[in-house]
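Asks: Let me see the structure of the following:
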Amino acid sequence: MKTGQIRYLLIGGLIAGALDITFAISFAAYNGTAPLQLLRIVASGAFGKEALSGGPAMAAFGLAAHFGLSLAWAGVYLMLARLWPSLARHALACGVVFGVLVFFVMRLVVLPASAFPFAVHFKPLASALDLLSHMFLFGFPIALAARKAINGDN
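Replies: Numbers count the residues shown, from 1 in each chain. This next block holds a predicted model:
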């Protein structure tokens, strides 16, 4: 992978991660969950229920894990777009579909396979908003960054 491609992978993953965590913190705060607690909930995927009573270091781990996953998903999309250039050419549509894919893979595969201490529920409003967030705030920036990575700075 070329240096420019790595740069765009980082940009896309970090932007998508920042937008996603901003949405998650905002929605959690609206529902009465403090930002640090939300980040500890993220960390619970690795540490289980014990993470929920952790301190700032556990919240920092949750934030780092969130961005690590965002970068990994950006890497997946870039790898796929290198194999199938139409994913880069049609970044809007493909990014939206990728966001849907990430939403379902995280909820149906990653969370159940992790130490996450809660059952995964699909509450209508929360799920719809989170799905939209993954479509437009997560998948779309990753797809745009992959397009730039493949096409260069043209």
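
Asks: For this structure, which segments count as helices?
Replies: In the chain, the helices defined using DSSP state H lie at 3-30, 35-47, 56-83, 86-89, 91-105, 111-113, 124-133, 140-151.

Asks: Apart from its neighbours in sequence, what residue is nearest the residue nearest the centre of the chain?
Replies: For the chain, Ser70 is the residue whose C-alpha lies nearest the centre (Cα atoms, centre = their mean; 4.3 Å). In space, and not counting its chain neighbours, Ser70 is closest to Gly17: 3.1 Å by Cβ to Cβ, 6 or more residues apart in numbering. Where C-beta positions appear, they are placed from N, C-alpha and C, glycine not excepted.

Asks: My guess is the one you found contacts Ala65. True?
Replies: No - the pair Gly17 and Ala65 does not pass the contact test of Cβ atoms under 8 Å, sitting 10.4 Å apart.

Asks: hmm, back to that, does the residue nearest to the centre of the chain touch Ala16 like I think?
Replies: Yes - look at Ser70 against Ala16 with Cβ under 8 Å: they come within range, at 5.3 Å.

Asks: residues bridging contact with these two, i.e. touching both?
Replies: Phe138 (Cβ atoms under 8 Å, 6 or more residues apart in numbering).

Asks: So which of the helices of the chain is the most surrounded?
Replies: helix 140-151 (a mean of 24; mean count of other Cβ atoms under 10 Å).

Asks: And for that helix, what's in contact with it?
Replies: Applying Cβ under 8 Å, 6+ apart, the external contacts of helix 140-151 come out as 4-5, 7-9, 11-13, 15-16, 19, 73-74, 77-78, 81-82, 85, 87-89, 91-92, 94-96, 98-99.
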